[in-house]
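Trainee: no letters, just coordinates:
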């Protein structure tokens, strides 16, 4: 079994972010795996901005396999509700 995360979730440990908490809970409840990356680290922040220069909020969620940008919490939850997250993963494989 592959232990690689399905998603990369950029968060910021310097703030209490209810959207980050909600996104991580939604992924966990859906049995999705993810790697959390903290933009409080300047190297990680630069990585995020290289991937998504327009990113101004957290969380920012990407498919780990191909880097497809899912969006933030609202987009993630919307995809989960519409069963679109599994389709996105299939397309990214």
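Mentor: Structure received. This one's a predicted model, so the numbers in the text were calculated from it and none came from an experiment.
Trainee: just the pLDDT at residue 1, thanks.
Mentor: At residue 1, the model reports a pLDDT of 47.
Trainee: residue 20 should be in a helix, yeah?
Mentor: Yes: looking at residue 20 with DSSP: H, G, I helix; E, B strand; the rest coil, it is inside a helix.
Trainee: number of nearby residues for residue 73?
Mentor: 24 (other C-beta atoms under 10 Å). In this view, the C-beta of every residue, glycine as well, is placed from N, C-alpha and C.
Trainee: what about it, distance to residue 89?
Mentor: 18 Å (C-beta to C-beta, to the nearest Å).
Trainee: what about this structure, any weak spots by pLDDT?
Mentor: Judged by pLDDT under 70, the chain has its weakly predicted residues at 1-2.
Trainee: tell me the contacts of the residue nearest the centre of it?
Mentor: In the chain, the centroid-proximal residue (C-alpha atoms, centre = their mean) is residue 61; its distance is 2.2 Å. Residue 61 sits next to 7-10, 23, 34, 69-73, 75-76 when contact means C-beta atoms under 8 Å, 6 or more residues apart in numbering.
Trainee: which ones among these map onto helices?
Mentor: Residues of the contacts of residue 61 located in helices (DSSP state H): 23, 73, 75, 76.
Trainee: ok, and the most crowded of the residues you listed?
Mentor: Neighbour max across the ones in helices among the contacts of residue 61 (other C-beta under 10 Å) = residue 23, 29 neighbours.
Trainee: I'd say that residue and residue 9 touch.
Mentor: Yes: here residue 23 lies in contact with residue 9, judged by C-beta atoms under 8 Å, at a distance of 6.3 Å.
Trainee: overlap in contacts, the two.
Mentor: In terms of C-beta under 8 Å, 6+ apart, residue 23 and residue 9 are both contacted by the residues 59, 61.
Trainee: what is the nearest of the contacts of residue 61 to residue 54?
Mentor: residue 69 (9.9 Å; C-beta to C-beta).
Trainee: turn the contacts of residue 61 into TSV, including distance to residue 54.
Mentor: Below are the contacts of residue 61 laid out as TSV (distance: C-beta to C-beta, whole Å):
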residue	distance to residue 54
7	19
8	17
9	17
10	13
23	18
34	22
69	10
70	14
71	11
72	12
73	16
75	14
76	17
